[in-house]
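> Just the structure for this:
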Amino acid sequence: MKKAGIFIADDHPIIRDGIRNVISSTPDLNVVGEAGTGTEAIDRIAIIRPDLVLMDITMPELDGIAVTKRVVDDFPEIKVIILSMHADPFKTIEAFRAGASGYVLKDSPPEEVLTAVRKVLNGIKYASPEVSEGLLNDFVERIKKEEGPEDSLTDREREIIRLIAAGSTSNEIGKKLFIATSTVKSHRNKIMKKLGINDMASLIKIAIQKGIVSPDA
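Next up, the predicted model:
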């Protein structure tokens, strides 16, 4: 069985020794090269052409993000996993934008490093659990900021909007939903207030734009 070639780029010899020992203890992986600076990493990777690079994010001369972009641009077949001390969503996104296929925290157990390496070699993106949690939280916050007033509509209010768009009167809507006409009107007023509108034409227009009803409703 051919072993996958792993390149280690880190400016701390002790870190490199630890990673080398972890990689060398496996039958399917082999350390084929190392570097202590960003420029050295680029030069040596170009010659060795490893299957995967474990790249420290804070490298002297040229940081790990910049090196990753250069490596991926010049040798797209080479996979890169960023090693970092910080589960920072911004840094993680920056790493993946640069072309990294993985982002692993330096204090992760050896088993996780090996899991990340094997997944990335098989074409699967990987991030340490703490990193994934940070990315998810950041994603959720971004979604919340992008929410419009229509996102606050209840299921009942959306149902009433669809019936209004279909041409039903308040009395007809009440009968269909088994609620009083006054309740329908109360819902309609709340809908108008939430959406910041005061006429039915605007209500139907927004409902179509936001996908609450279809254009041919």
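> Which helix or strand lies directly C-terminal to the helix-or-strand element of the chain with minimal mean pLDDT?
Every helix and strand of the chain was ranked by mean pLDDT, DSSP states H and E. The lowest is helix 129-146, at a mean of 64. Remark: after helix 129-146, the chain's next helix or strand is helix 155-165, criterion DSSP states H and E.
> Report the spatially closest residue to Phe75, excluding sequence-adjacent ones.
Arg49 (6.6 Å; C-beta to C-beta, 6 or more residues apart in numbering). Placement of C-beta: from N, CA and C, glycine included.
> I'd say the one you found and Ile78 touch.
Yes. Arg49 is within contact range of Ile78, at 6.9 Å (criterion: C-beta atoms under 8 Å).
> who's more crowded, those two?
Neighbours per residue (other C-beta atoms under 10 Å) separate Arg49 from Ile78, with Ile78 holding more: 21 against 13.
> what helix or strand is the residue nearest to the more buried one when sequence neighbours are not counted on?
In space, and not counting its chain neighbours, Ile78 is closest to Val71: 5.7 Å by C-beta to C-beta, 6+ apart. Assigned by DSSP H and E, Val71 belongs to helix 64-74.
> mean confidence score for that helix?
Here helix 64-74 scores 95 as its mean pLDDT.
> Over to stretch 208-217?
68.
> swap in stretch 183-197?
86.
> how about that stretch: buried residues?
Val184, His187, Arg188, Lys190, Ile191, Leu195, Ile197 (16 or more other C-beta atoms under 10 Å).
> which helices and strands does the host helix or strand of the fourth one pack with?
Using DSSP H and E, Lys190 falls within helix 181-195. Helices and strands touching helix 181-195, by 3 or more C-beta pairs under 8 Å, 6 or more residues apart in numbering; DSSP states H and E, are helix 155-165, helix 170-177, helix 200-209.
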